[in-house]
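S.K.: Compute the structure for the input listed below.
(one chain, ligands or ions: 1)
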Amino acid sequence: MSGEIVDAAPEQVFEGHAVGAGGKACCGSCRRTVREGDRIIVYAYRMSDMRRWSVAQLSCRSCSDLDVLTPTLGATEVVMNARLAVTADAATQESRLTIRAPQVTTFSAPEEGREA
Ligand SMILES: [Zn+2]
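M.R.: Next up is the predicted model:
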């Protein structure tokens, strides 16, 4: 294990992270459309040997009771509350739906079976 890897907090990684397409995204649980201003739940994970976080699923707040993570050996998993905002790119004149103000509510370490 290397002590040189700097762990970036998921809140930092996912602030401004682009999701969905065409200014809207889809709840992975109920398929409802979520868009700018909606509060969402983001499920993300990172394998122990990777430095990149990946979004596993995005859900609307109505599906917040489905926040059951499947513990994956060797993966760090987080559940975050966040909201959606549209960020305009002046260069391409495209607007992208992005994650804003994420807050980690559940954290699952790769080895510790810690419960939130
Ligand atoms: Zn939903």
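S.K.: Which element, helix or strand, includes the spatially most central residue of the chain?
M.R.: By C-alpha atoms, centre = their mean, the chain has its centre lying nearest to residue 42, at 3.6 Å. Remark: residue 42 resides in strand 39-47, with elements defined by DSSP states H and E.
S.K.: what distance separates the very next helix or strand once past that strand from the middle of the whole chain?
M.R.: Using DSSP H and E, the next helix or strand after strand 39-47 towards the C-terminus is strand 54-60. When distances are taken as C-alpha atoms, centre = their mean, to the nearest Å, strand 54-60 is centred 5 Å away from the chain's centroid.
S.K.: got the angle between strand 54-60 and strand 39-47?
M.R.: Here strand 54-60 points in a direction 160 degrees away from that of strand 39-47 (axes from the mean of the first three to the mean of the last three C-alpha atoms, to 10 degrees).
S.K.: what about stretch 17-27, near the ion?
M.R.: Yes. Residues of stretch 17-27 contacting the ion under C-beta under 5 Å from the ion: residue 27. To be clear about C-beta, it is placed using only N, CA and C from the backbone, and glycine gets the same treatment.
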